[in-house]
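# Quick one, structure for this:
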Amino acid sequence: MDRNRLIELLTKRESGIITLPEARELNEHLKGDPDDSQLADLLGKTLKGHFHQQESVESTYLTKRLQKLHEQIRLEDNTANVVEKPKGSFKKMAWAVAAALVLALGSVAIYIQLTHSDPADHSKNILTTKKGSKSNLVLPDGTRVLLNSDTRLSYNQSFGKQAREVTLEGEAYFEVVKDAQHPFIVHTNAMDIKVLGTVFNVRAYHNEKNTQTTLLEGSVEVILNKRNERNLVVLKPHEKIVVNNHPGHEVPLKADEGPVADISVMTIKTNAEDSSILETDWTKNKLAFDQARYSEVFPELERWYGVTITVKDSAILTRKISGIYENESLSDVMESLKLATGFRYTIDGNNLKIYK
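The predicted structure is shown next:
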């Protein structure tokens, strides 16, 4: 693999914005190249940490990281049987790649800080992910958040001082640090989720027919917006609430969509083989469907792979599919769906067309 490409992929992986196809490309390369694999492991250990959006990334900070990495590489190089390549080629290459990577990571942090501020309100931090990418971040209070593709998360710069509130459009997985004095609140269009310290997932895409909150650990209070009755629901671990985004069907549903219950609370299913949960499989780079209509599957593929899908026969949208795809390319997924359903498709760049 070209050095520039390796630096690019390692940078994206360390900053949490690598796409699934890129992750697969990097993993396959590292499996076949012991030196680059060793380098990647070393960089991962040395660069372990997080960039906070509200922090400035100064040159002295990056210099310290470079010095630390240089020292780590020197120690590794002096350790018996760690590196066997002659003439110090690994050490020289590691330092060059490491320097570029650390500087690139600094650029990523600066980019996030400068480009995700709200023009209308400079007191807000805003992080967005594009289709085909995900992002990790740690909020000022230590809460860990993983953003799914096509997602927007915003919070005030005063976050954690008087309140801990974020606004979400899209999907995110939260591991909230406990703070009894400052409840953590996630605002979405359909509901607000209030917690003290817990692990949960929120799915709130504006173009989907419902909003969901799945609780894994702890307890959450869900305050339902735009509802006259039953406006507060308390979830227990392994429960999920699904709320219709269009109560009373004020907005017509698509032809392939049946009536949707206004509010549903249910126990989530756990995979007997590995104890995984469909609602959070995406955090492990798994694309999972359980009797999902293609009208739901195709928008998910668009977000996952950053493509545009056009369906030429609307009857296909009513069909259902179940399956789990882990680090699969778009072509591999489409071939699987094609065999299961019998439709035809063509891929032209980022445009995918599906025929009967």
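# per-residue confidence at the residue lying closest to Thr280 once chain neighbours are set aside?
Nearest residue to Thr280 in three dimensions, chain neighbours excluded: Asn201, at 5.2 Å (CB to CB, 6 or more residues apart in numbering). To be clear about C-beta, it is placed using only N, CA and C from the backbone, and glycine gets the same treatment. Here, the pLDDT recorded for Asn201 equals 97.
# Could you shift the numbering so residue one becomes 35, and keep it that way?
Sure, I'll start numbering at 35, so the last one becomes Asn235.
# In which helix or strand does Asn235 reside?
Taking DSSP states H and E as the criterion, Asn235 maps to strand 233-238.
# which other helices and strands contact that strand?
For strand 233-238, the packing partners by 3 or more CB pairs under 8 Å, 6 or more residues apart in numbering; DSSP states H and E come out as strand 198-209, strand 225-229, strand 244-251.
# Which one, of these, ends up nearest to Tyr328?
Nearest to Tyr328 among the helices and strands packed on strand 233-238 is strand 244-251; the distance by CB to CB comes to 17.2 Å.
# Quick check: buried residues in the following helix or strand past that closest one?
Remark: after strand 244-251, the chain's next helix or strand is strand 254-258, criterion DSSP H and E. Using 16 or more other CB atoms under 10 Å as the test for burial, strand 254-258 gives Val254, Val256, Leu258.
# Equivalent analysis for stretch 169-181, please.
So for stretch 169-181, counting by 16+ other CB under 10 Å, buried means Ser169, Asn170, Leu171, Val172, Leu173, Pro174, Thr177, Val179, Leu180, Leu181.
# Now it: average pLDDT?
89.
# circling back to that earlier point, got the angle for the strand holding Asn235 vs strand 254-258?
20 degrees (axes from the mean of the first three to the mean of the last three CA atoms, to 10 degrees).
# Can you list the strands that strand 233-238 pairs with?
Under the criterion DSSP bridges, strand 233-238 sits next to strand 198-209 (antiparallel), strand 244-251 (antiparallel) in its sheet.
# Dump those strands into JSON lines; add distance to Ala306, mean neighbour count and mean pLDDT as well.
As requested, these are arranged in JSON lines below (distance: least, CB to CB, whole Å; neighbours: other CB atoms under 10 Å; pLDDT from 0 to 100):
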{"stretch": "strand 198-209", "distance to Ala306": "22", "mean neighbour count": "21", "mean pLDDT": "96"}
{"stretch": "strand 244-251", "distance to Ala306": "17", "mean neighbour count": "21", "mean pLDDT": "94"}
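# which one of these lies closest to Gly340?
Closest of these to Gly340 is strand 198-209, at 14.2 Å (criterion: CB to CB).
# Which helix or strand lies directly C-terminal to that closest one?
strand 218-221.
# Give me the below-cutoff pLDDT ranges for the stretch 35-184 of the chain.
By pLDDT under 70, the low-scoring segments of the stretch 35-184 of the chain are 37-38, 41-42, 45-55, 76-157.
# hang on, the earlier thing: now the helices and strands packed on strand 233-238 as a markdown table including distance to Lys390?
Output for the helices and strands packed on strand 233-238, formatted as a markdown table (distance: least, CB to CB, whole Å):
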| stretch | distance to Lys390 |
| --- | --- |
| strand 198-209 | 31 |
| strand 225-229 | 38 |
| strand 244-251 | 28 |
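# of all the strands paired with strand 233-238, which lies closest to Tyr189?
Per CB to CB, nearest to Tyr189 of the strands paired with strand 233-238: strand 198-209, 4.4 Å.
# What angle do strand 225-229 and that closest one make with each other?
Using the same axes, to 10 degrees, strand 198-209 lies at 80 degrees relative to strand 225-229.
# Give me the residues contacting strand 198-209.
Contact with strand 198-209 is made by 163, 173, 175, 177-190, 193, 213, 216-223, 229, 232-240, 314, 316-317, as judged by CB atoms under 8 Å, 6 or more residues apart in numbering.
# just stretch 359-368 next, same as before
By CB under 8 Å, 6+ apart, stretch 359-368 touches 54-55, 57-58, 61, 318-322, 335, 339, 341, 370, 379, 381, 386.
# switch the cut-off to 6 Å
Stretch 359-368 is contacted by residues Arg58, Asn319, Lys320, Leu321, Tyr339, Tyr379 when judged by CB atoms under 6 Å, 6 or more residues apart in numbering.
# per-residue confidence for the second one?
In the prediction, the pLDDT value recorded for Asn319 is 88.
# residues near it, how many?
When neighbours are defined as other CB atoms under 10 Å, Asn319 has 16 of them.
# related to what we said a few turns ago, nearest to Ser71 among the helices and strands packed on strand 233-238 would be which one?
From the helices and strands packed on strand 233-238, taking CB to CB, the stretch that ends up closest is strand 198-209, at 27.9 Å.
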